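In: My questions concern the predicted model and sequence given below.
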Amino acid sequence: MREAVAVPWFSAGLKEWIFTTDHKKIGIMYFVTGLVFFTVAGLFGMILRFEQTSPGFQVVSPSFYNYLLTGHGAVMLLWWAIAAHIGGFGNFLLPLMIGARDVAFPRLNALSYWAFFGASVIVLLTLIPGNHIKMMWTGYPPYAAHADAGVTAYYVFAIHLLGVSSIATAVNFITTYLRMRAPGIGFWNTNLYIHSLIAANVIQLIGVPSLAGAVTMLFLDRYLGTNFFNPALGGDPLLYQNVFWFYSHPAVYVMIIPIFGFFSEILATFSRKPIFGYKSMVFAIWGIAVISFIVWIHHMFTSGVPDWARVLISYTTVLVAVPTGIKIFNWIATLHGGAIILRSPMLYTLGGIFMFLIGGLTGIPNAMVAIDLGVHDSLFVVGHFHYVLGMALTMGIFGAVIYWFPKITGRMYPENLGKISFWLVFIGANIFYFTQMVAGFLGMPRRYPDYPPIPEWVTLNQISTIGALILGVGVLVFLVGMIKGLTSGEKAPANPWNSPSLEWQIDSPAPVNNFGEKPPRVEPDYHPYKYGAPPAF
Amino acid sequence: MAQGAVHEAHHEWSVWPFPIGIGTLLVPIAFTLFFHYQKQLAGLIVGGVALVLILIGAAGWANEHFTRESDVGFGWLGTFTFLVSEVVIFGTLFAAFWMARTTHADEWANWVPEGVSLGMAGILTLILWASSFTIFKAETVLEEEGDTGKALMWTFATFVLGALFVILHVKEWAHLWAEGFTLSSNMYGTGFYSLTGLHTSHVLVGLLAQLYVMWLLISGKMTKEKPTLMKGVSVYWHFVDVMWMLVAGTAYLVGSTAI
């Protein structure tokens, strides 16, 4: 509600925001809620970083550190990396890109948001002293089923409510895509963002219930005395890890595939060229979605799984590099021969692809069982996933915010602030996470609040904190830019980037009834990336 | 359950998702009060408020749907998509059960109580098979003949069969529980009650939906032109039936057979 008032969009009253079923308003509510939680979780992360700057305890107690770490992980992943862009941009863009009036079930869509809101309230409840949860976002038993881990019920139910929200959204989006495309929009001329979004939601549909099952078993074990994770009476703690990662690994593709979609949209626009290898991009997206379900055991290489499983999953994990590699080469080929315009969304996209490349390449050693045994649970892994999920994703979202800002708000995002924030975020993040990876290779474990005063570790942690500060300032500049754009940004034309994609063919901000009474006219040779003739190579 | 809906310009907003959303927030809070803080009374009160909010919201929502002119018919696809994720929810419990069953095959026989009877599983299966047939009849009668009276009769028959299933099943549980076979006895108990319990909760949702369909048929809101909800309820019920065979096959047959 607070977020609704903060967005001067359509100047709608509070009542209209609470009871809205409009996909655009719901999208904005999702994104703003996600952004608020991103800021809070970012602050948590900053406190963690200050605590780690030097050995010993400076800022927080170990127990509070565990709470902050749990909160940082859970909120960043589930609120920022999933809900903010799937609920936010997905809702806003899906009907606009396929030429529909709204999603298939508008009221279910509103319910999705309110379930997400409920999960947010539960997370806020854990802020109350005495209600802290300390089981990390993964919630492994036996610790998570132990009283010391805090209010296990809040952890379980936050995930349940997010699950309700995600499954409802997935049902909604998949039905919308299957049944509500404007005449003329087919599988082979859908925006890559929509392909990514639908692939991500298929993963959500199949994966989320698995996570819900895992935490339900946790709840039953903790409060009703069942034996799911009790080896003495036939249970198995590994069961939790299996069921948990069966969703939570595919979840990282839920997070990143739509970001790849942003990259493709923005890259084509600012290279003024059709995306290279459109069909291979579509195959890559769906390929990643399929492979995502057969790699989860790589999170458990040190958990005591059989060797055959480790070898097999090591292979399938490396297989992920094939479709992602296809995507990266296609992006590079799109740039080749293009008329590249370095506007801030493009900078964020190029930066995001760079971050993803480093994150992806450091993922390959993680997939090798022999190396993983050494670096498992070290800061190397933390650095790795902050490159991929942390920064490639955040840069993708920031780029998308700037890119679709005109369509959402009717105003332009201030270009200078976009550029400044990009360089701060990019430089800060690289200093921050690269040093973490080095510290991890030097043996520094993750998750502990304290560490012995080993000179190399101390130096690296200090450099890391400097990077974090630069990154934090960059994020602040970006947020300031959003506020400045909203209040005093230049008035945006309907199609500022001169894109052929459907969402740009209507006014800015998008009118209440999208395309009007009738579905938009789609030319027989419509393609979202038709920027002039393809150049000759 | 998802319902088909068309989104016209004058349906920009709906008050009903919000109370359901608040209700779904209060349910976990009620559970937390009840189980974590051991405040049973407060938990029950909050849970009651939640239930009322959800029911009011659902009733208003459905009323809004049936006062519209047309029925676009996405509901069937929506329900079907939703069932994909239901399969995975059951899948997690199957994984738990089968993992325990295979790794503890040697001591499993000691965990099987006297009272688990395959005969009961067979009777329950026959009941659900019959009810799948009756709901199929209800659906086709409504869609092809538009005969709401006959559709009502067949839906009622389905409801009776479903209710019989629940009653017999609860009696079976009470009997086994009294024998000392509980949720926490061992992994067979945990797996048995969680699988059959999850399944029965789905049967209950199906029964609620059928009550609602009957009310719609009686009040004349559901007609040949608006059969989407009936289709959705029917698809859901067939799913419950198919899932029962897997649940019974696992919890009863594989569970109680000593190999």
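Out: Sure thing, it's come through. Numbers count the residues shown, from 1 in each chain, chains lettered A, B, ... in the order given.

In: Residue of the stretch 151-259 of chain B nearest chain A, please.
Out: With C-beta to the nearest C-beta as the measure, B:Met187 is the residue of the stretch 151-259 of chain B nearest to chain A, at 2.8 Å. No exception for glycine: its C-beta is placed from N, CA and C like everyone else's.

In: Quick check: closest non-adjacent residue to that residue.
Out: A:Gly234 (2.8 Å; C-beta to C-beta, 6 or more residues apart in numbering or on different chains).

In: A:Gly360 too?
Out: Leaving aside its sequence neighbours, A:Gly360 is closest to A:Thr324 (5.9 Å, by C-beta to C-beta, 6+ apart).

In: Report the buried residues of the host helix or strand of that neighbour.
Out: Assigned by DSSP states H and E, A:Thr324 falls within helix A:321-335. Going by neighbour count (16 or more other C-beta atoms under 10 Å in any protein chain shown), the buried part of helix A:321-335 is A:Ala321, A:Pro323, A:Thr324, A:Ile326, A:Lys327, A:Ile328, A:Asn330, A:Trp331, A:Thr334, A:Leu335.

In: returning to what we had before: name all residues that make contact with the residue of the stretch 151-259 of chain B closest to chain A.
Out: Counting by C-beta atoms under 8 Å, 6 or more residues apart in numbering or on different chains, B:Met187 touches A:Asn227, A:Phe228, A:Leu233, A:Gly234, A:Gly235, B:Ala96, B:Phe97, B:Ala100, B:His104, B:Trp111.

In: quick one: contacts for the last one?
Out: Contacts for B:Trp111 were tallied using C-beta under 8 Å, 6+ apart; they are A:Gly234, B:Ser185, B:Asn186, B:Met187, B:Tyr188, B:Gly189.

In: Export those as TSV, with columns for pLDDT and secondary structure.
Out: Formatted as TSV, the contacts of B:Trp111 follow (pLDDT from 0 to 100; DSSP: H, G, I helix; E, B strand; the rest coil):
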residue	pLDDT	secondary structure
A:Gly234	90	coil
B:Ser185	90	coil
B:Asn186	91	coil
B:Met187	92	helix
B:Tyr188	93	helix
B:Gly189	93	helix
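
In: could I get those residues as CSV with distance to A:Asn131?
Out: Shown next, in CSV, are the contacts of B:Trp111 (distance: C-beta to C-beta, whole Å):
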residue, distance to A:Asn131
A:Gly234, 33
B:Ser185, 33
B:Asn186, 33
B:Met187, 32
B:Tyr188, 35
B:Gly189, 32
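
In: Sort out which one of those residues lies nearest B:Leu164 for me.
Out: B:Gly189 (25.1 Å; C-beta to C-beta).

In: With adjacent residues omitted, what lies nearest to A:Gln52?
Out: That would be A:Asn461: by C-beta to C-beta, 6+ apart, it lies 5.4 Å from A:Gln52.

In: And the spatially closest residue to A:Leu335 that is not a sequence neighbour, how close does it get to A:Gly71?
Out: Closest residue to A:Leu335 apart from its sequence neighbours, by C-beta to C-beta, 6+ apart: A:Ser271 at 5.5 Å. According to C-beta to C-beta, to the nearest Å, A:Ser271 stands 40 Å off from A:Gly71.

In: right, and the residue nearest to B:Met187 touches A:Phe228 too?
Out: No. Using C-beta atoms under 8 Å, A:Gly234 is not in contact with A:Phe228; the gap is 9.3 Å.

In: which neighbours do these two share?
Out: B:Met187, B:Thr190.

In: which residues touch B:Trp173?
Out: B:Tyr193, B:Thr196.

In: which element is the residue nearest to A:Gln52 on?
Out: Per DSSP H and E: helix A:455-488 holds A:Asn461.

In: List the buried residues in that helix.
Out: Those would be A:457-458, A:460-461, A:463-465, A:467-472, A:474-475, A:477-479, A:481-482, A:485-486, for helix A:455-488 by 16+ other C-beta under 10 Å.

In: For chain B, tell me whether stretch A:137-154 is touching it.
Out: Yes. Residues of stretch A:137-154 contacting chain B under C-beta under 8 Å from any C-beta of the partner chain: A:Val151, A:Thr152, A:Ala153, A:Tyr154.

In: Need the three-state assignment for the residue nearest to the second one when sequence neighbours are not counted.
Out: Residue nearest to A:Thr152 in three dimensions, not counting chain neighbours: A:Arg222, with 4.8 Å by C-beta to C-beta, 6+ apart. Secondary structure state of A:Arg222, per DSSP: H, G, I helix; E, B strand; the rest coil, is helix.

In: What pLDDT is listed against A:Arg222?
Out: Listed pLDDT for A:Arg222 reads 93.

In: Surely it is in contact with A:Val151?
Out: No. Look at A:Arg222 against A:Val151 with C-beta under 8 Å: they stay out of range, at 10.0 Å.
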